[in-house]
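>>> Whatever this is, show me its structure:
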Amino acid sequence: MKSYYNNFESIGREAMEALNSMLDRDVRFQVTGMGADGTATKVPDKICEDILIDRVNELDLPFNVVSEEAGIVHRGYEDYILADPLDGTYNALNGIPFYSISMAIMGSDFKSLKTGFIMNLSNGDIYYSEKGKGVQKNGKNRFPSRTGSYIINIGSEMDTFTARILGMGGRRRIMGCASLEMALVATGSADLVSYMSPESKIRNIDIAAGTAMIREAGGEVLDSVHSPINMGLDVTIRDRFYASCDRKILEELR
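Sure, this is the predicted structure:
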C-alpha cells in the first residue's frame, strides 16, 4: 500500500500552526454547533476538521472520510480515513500540552485497519504505523517495553476493573487524550491504557489509529466484554476498552 505519511504530516503541521495562532481564550471556548457524534463542537475542533477535509479534497486522496463533526463524508472510494482532528480538546483549550490529530486508514471496520498516524499538536511528535512495517516515533522504529506504568481513565466512582489495575502496583497516570495514550503504549512508554470505567465513552475515531499501532506492535485492544475491539464507521457508537502490548497483562485482566 502507498504511504500517506507525508500527506498526513502536512495536514497535522497545518492544524498545529492554526491552533498556535489562536491567542484569544474566549474564541477558543466558543461552541460552533453539534458534531455528528452528538457532542458540542468548539472552534478549535472545527478549524482542525476543516483543514483535514479541505486538504484531503485538494490532494484528492483516495479515501472517504469519517470525522467527529462531519460524520461520514463519501468521496466515492472503498477505504476510509477515520480521523479525530483534535483529540484531547480540553487539554488544548487549557494549555495542557497533550492533544493530537489522529488518522487511520481502514475499510469498513477495525479488522481492516492498515495505517495509523498520530501527531502531538503541542510539540509535533509523530507516531506512525503501517501494517507489516512496525511502529515509528519521529521516523525511528520503536518497540513496546515493560515500564511498570499504567494510564487509567478513572470515573467519579471506582469500578471493579480499575481497582484491579490499581492493585497491580506500578505507577498510574491520567492524561486525557486516548490516541496519544495508545501511542505511548505502542512505543514503549507505558504498559497499559484503560478506559473501562462506566463513564468512559470512546468512539471509533478516538482509537482507530491507536488500535492500528498497538496491533502492529504485537499487542491487542479489548472491548468492554474482553474481546478484540471491532468498531465500524458510525461515530455515535461508544464503547470502553483497554489495551496493552504485554499479553500477560491482558490475560491477567480478562
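>>> Report the helix or strand with the lowest average pLDDT across this structure.
helix 25-28 (a mean of 69; mean pLDDT, DSSP states H and E).
>>> who touches the next helix or strand after that helix?
Next helix or strand after helix 25-28 toward the C-terminus (DSSP states H and E): strand 31-34. Contacts to strand 31-34, defined as C-beta atoms under 8 Å, 6 or more residues apart in numbering, come from residues A40, T41, K42, V43, D45, K46, E69. Every residue, glycine included, has its C-beta placed from N, CA and C.
>>> Dump strand 31-34 to CSV, keeping only the CA atoms.
C-alpha atoms of strand 31-34 as CSV (Å, rounded to 0.1, in the frame of the first residue of the first chain):
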residue,chain,number,x,y,z
VAL,A,31,-19.3,26.4,20.5
THR,A,32,-20.0,26.4,16.8
GLY,A,33,-22.6,23.6,16.8
MET,A,34,-23.2,19.9,17.4
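>>> Quick one: distance of that strand to the chain centre.
22 Å (C-alpha atoms, centre = their mean, to the nearest Å).
>>> Adjacent strands (with direction) for the next helix or strand after it?
Heading C-terminal from strand 31-34, the first helix or strand you meet, by DSSP H and E, is strand 40-42. Applying DSSP bridges, strand 40-42 is found paired with strand 31-34 (antiparallel).
>>> Drop anything exposed from the contacts of strand 31-34.
Among the contacts of strand 31-34, those classed as buried by neighbour count (16 or more other C-beta atoms under 10 Å) are T41, K42, V43, D45, K46, E69.
>>> need the helices for the stretch 1-150 of the chain, in chain order.
5-20, 25-28, 43-59, 89-93 (DSSP state H, counting those that start in this stretch).
>>> and these as JSON lines, adding distance to G170?
Formatted as JSON lines, these follow (distance: least, C-beta to C-beta, whole Å):
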{"stretch": "helix 5-20", "distance to G170": "32"}
{"stretch": "helix 25-28", "distance to G170": "35"}
{"stretch": "helix 43-59", "distance to G170": "34"}
{"stretch": "helix 89-93", "distance to G170": "23"}
